[in-house]
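Asker: Have a look; sequence and predicted model below, questions after that.
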Amino acid sequence: PTAVALFTADLRLHDNPVLHAALRTGGEAVPLFVLDDAVRDAGFLVPNRAAFLVDCLHDLDAGLRRRGGRLVLRSGDLTEQVCRVAEEASAAEVHLAADVSGHARTREERLRRALGAAGRELHVHDTVVTAVAPGAVTPAGKDHFAVFTPYFNRWAGCALRTPLDPPRALAVPAPVGSLPIPSAASLAPGRPSPGLPAGGESRGRERLAAWLDGPLDDYAQGHDDLSRDATSRLSPYLHFGCLSATETVVRARGRGGEGADAFVRQLAWRDFHHQVLAARPQAAHHDYRPRGDRWRTDPQEIEAWRAGRTGYPVVDAAMRQLAHEGWMHNRARLLAASFLTKTLYADWRTGARHFLDLLVDGDLANNQMNWQWVAGTGTDTRPNRVLNPLAQARRLDPDGAYVRRWIPELAGVPGPAVHRPWALDAAVRRGLDYPDPIVDLDHALARFRAARGLD
Ligand code: FAD
């Protein structure tokens, strides 16, 4: 019997339960990826992620060919395409990773129905996308954890799967045709960010190995320092599933030490947000905890934020890093998001959309739930805290190196003075093509506190 392994957010051969299960039924399997119209129509296929995806597909195809197989690529309505391929291959089963978004749920339901009508079975596998399955641990009487620390305590005690080896060989039934892998430009018109990382399982594994082999040890000390750039940058590989979350946790734990502990804790945040979205798919678009916010919409302010021209250098550096690399340091994401939602008091959805337009790791669970966390409409237990960009800058970029790296207009301003360009000598200030602050921080804080009824 033949089975179809439908790749989604698991573009890898190592530790892939979906592929493994499809191959268990016999020697033949169809490794299938569908360029899903619904993903494109939702605006999710943007140039940065399209470029990364195309790299992933090439790498996957090369890995499959080395093992005697090949990637089968189709395009269109996902359900229709999967049914057609299953028919062509005379496959009795289709295997798929469980995933948490509303889109993933609908996809699964539609597939189950359509395949069932043709006498075929859909098998859905947990712990492909996350290390611990959403819902595997819950507080008494509830369907998900709304607070991270108790979640983490339970998560840390879960036994993980032993990572699976990649298949040694596989054969794809001859009659099943495939499209060529398209160019990124044909998938998403527009130019990818110039500093985008290359995608694919091979690159992800190289990066993981290099990370575990040294930099990890410094993670606990270094991960908050914007200028040191001491985080793993594995997020796009985890988002596309080039790396398995399970394998990443297992290998980091195997290295041990406080760096590994801190890193594994961040990976638990990923699972945490996935279990929230799994339980409340509507939280991708609606407040998880409505606070009655009447968000402000000032198009000029929002545009200044997007363009990295708010006049607050650390916020602007963050936004320019995003535009240039399609990626942003976690601390930079936190303060850029806080600036939009709390200082400008603009709707978190506006910011989340902009991030999703650019982030190469742009992920519905992580992005939307982190935005809600920062906006105070999500799972933060201190929903009304406001990050002061100046205090943050002094703490996270004490010498100003991060700002100088990303804001060429300020590259000549030495030391921490770069964080307060408005306080520079008037003659120096005039020579800089850099805007004045678009908002007064005290005024903004008072406005936010009044809006939330805190005074
Ligand atoms: P590391 O510090 O090396 O962490 C290792 C891994 O842990 C990351 O690759 C990621 O998979 C996971 N992780 C770390 N922090 C978080 C977190 N707060 N939430 C969930 N997972 C985490 N992450 C995304 O993967 N996609 C997104 O779209 C995304 N949007 C975000 C939006 C905002 C407003 C904020 C505040 C955070 C967002 N994050 C998102 C989380 C986090 O910023 C990134 O995962 C991290 O910066 C990626 O860099 P890294 O791989 O070097 O992380």
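Answerer: Sure thing, it's come through.
Asker: quick one: contacts of the helix or strand encompassing R112?
Answerer: Using DSSP states H and E, the element containing R112 is helix 102-117. For helix 102-117, the external contacting residues (C-beta atoms under 8 Å, 6 or more residues apart in numbering) are 8, 36, 38-39, 42, 78-80, 82-83, 86, 94, 96, 98-99, 121-122, 124, 281-282, 284, 364. C-beta here means a position set from N, CA and C on the backbone, and glycine is covered the same way.
Asker: Check these for burial and list the buried ones.
Answerer: 8, 36, 39, 78-79, 82-83, 86, 94, 96, 98-99, 122, 124, 281, 284, 364 (16 or more other C-beta atoms under 10 Å).
Asker: So which of these are in strands?
Answerer: By the criterion of DSSP state E, membership of these in strands covers D36, V94, L96, L122, V124.
Asker: show me what contacts the fourth one?
Answerer: Contact analysis of L122 by C-beta under 8 Å, 6+ apart lists E93, V94, H95, L96, E108, L111, R112, L115, G116.
Asker: How about the residues of this structure by the ligand?
Answerer: Residues of the chain found near the ligand (C-beta under 6 Å from any ligand atom) are 223, 231-235, 238-239, 263, 266-267, 269-270, 273, 330, 333-334, 337, 355, 359, 361-363, 366-367, 370-371, 374.
Asker: Just name the closest of the ones in strands among the buried ones among the contacts of helix 102-117 to the ligand, please.
Answerer: The ligand lies nearest to D36 out of those, by C-beta to the nearest ligand atom, at 18.9 Å.
Asker: Chain neighbours aside, what residue packs nearest to that closest one?
Answerer: L78 (4.4 Å; C-beta to C-beta, 6 or more residues apart in numbering).
Asker: That neighbour is in contact with D41, isn't it?
Answerer: No - if you go by C-beta atoms under 8 Å, L78 and D41 don't touch, sitting 11.6 Å apart.
Asker: Work out for me the element R74 sits within.
Answerer: Per DSSP H and E: R74 is located in strand 72-76.
Asker: That strand - contacts with which helices or strands?
Answerer: strand 29-36, helix 78-89 (3 or more C-beta pairs under 8 Å, 6 or more residues apart in numbering; DSSP states H and E).
Asker: Just want the angle from it to strand 29-36.
Answerer: Angle between the axes of strand 72-76 and strand 29-36 is 30 degrees (criterion: axes from the mean of the first three to the mean of the last three C-alpha atoms, to 10 degrees).
Asker: quick one: low-confidence parts of the stretch 351-455 of the chain?
Answerer: Along the stretch 351-455 of the chain, no part satisfies pLDDT under 70.
Asker: and A50, that one's in a strand?
Answerer: No - read with DSSP: H, G, I helix; E, B strand; the rest coil, A50 is helix and lies in no strand.
Asker: Number the chain from 154, please
Answerer: Noted, 154 is the first residue going forward, which turns the last one into A203.
Asker: Which residues are in contact with it?
Answerer: A203 sits next to A337, L340, A341, P345 when contact means C-beta under 8 Å, 6+ apart.
Asker: can you pick the most crowded of those residues?
Answerer: Using other C-beta atoms under 10 Å as the neighbour test, the contacts of A203 are led by A337, with 23 neighbours.
Asker: Got a quick ChimeraX command for the buried subset of the residues of the chain next to the ligand?
Answerer: Listed next is the ChimeraX selection for buried residues among these, using 16+ other C-beta under 10 Å:
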select :376,384,385,386,387,388,391,392,416,419,420,422,423,426,486,487,490,508,512,514,515,516,519,520,523,524,527
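Asker: what angle separates the helix or strand harbouring R218 from strand 182-189?
Answerer: Per DSSP H and E: R218 is located in helix 200-219. Relative orientation of helix 200-219 versus strand 182-189 (the same axes, to 10 degrees): 170 degrees.
Asker: In helix 200-219, which of the residues would be classed as buried?
Answerer: For helix 200-219, using 16+ other C-beta under 10 Å, the buried residues are 200-210, 212-214, 216-217.
Asker: Could you list the single helix or strand in this protein with the lowest mean pLDDT?
Answerer: Least confident helix or strand, the chain: helix 579-583 with a mean of 92, by mean pLDDT, DSSP states H and E.
Asker: Residues contacting whichever helix or strand comes after it, please?
Answerer: Next in sequence after helix 579-583, counting helices and strands by DSSP H and E, comes helix 594-604. By C-beta under 8 Å, 6+ apart, the surrounding residues in contact with helix 594-604 are D446, R447, K495, T496, L497, Y498, N537, V539, N541, P542, L543, D608.
Asker: just stretch 452-460 next, same as before
Answerer: 463-464, 468, 472, 489, 492-493, 497, 499, 503-504, 507, 588, 591-592.
Asker: Looking at those residues, which are in helices?
Answerer: V468, M472, A489, T503, G504, H507 (DSSP state H).
Asker: among the residues you listed, which ones are buried?
Answerer: V468, M472, A489, T503, G504, H507.
Asker: Mind telling me what element A245 is part of?
Answerer: Assigned by DSSP H and E, A245 belongs to strand 244-250.
Asker: Distance of G229 relative to L198?
Answerer: As judged by C-beta to C-beta, to the nearest Å, G229 and L198 stand 14 Å apart.
Asker: next one: D366
Answerer: 34 Å.
Asker: The helix of greatest length in the chain to helix 255-270, inter-axis angle?
Answerer: Secondary structure of the chain per DSSP H: the longest helix is helix 411-432. With the same axes, to 10 degrees defining the directions, helix 411-432 sits at 60 degrees from helix 255-270.
Asker: which helices and strands sit right next to helix 411-432?
Answerer: helix 301-309, helix 372-375, helix 398-408, helix 517-528.
Asker: For D578, find the nearest of those.
Answerer: helix 372-375 (33.8 Å; C-beta to C-beta).
Asker: Cool, thanks, signing off.
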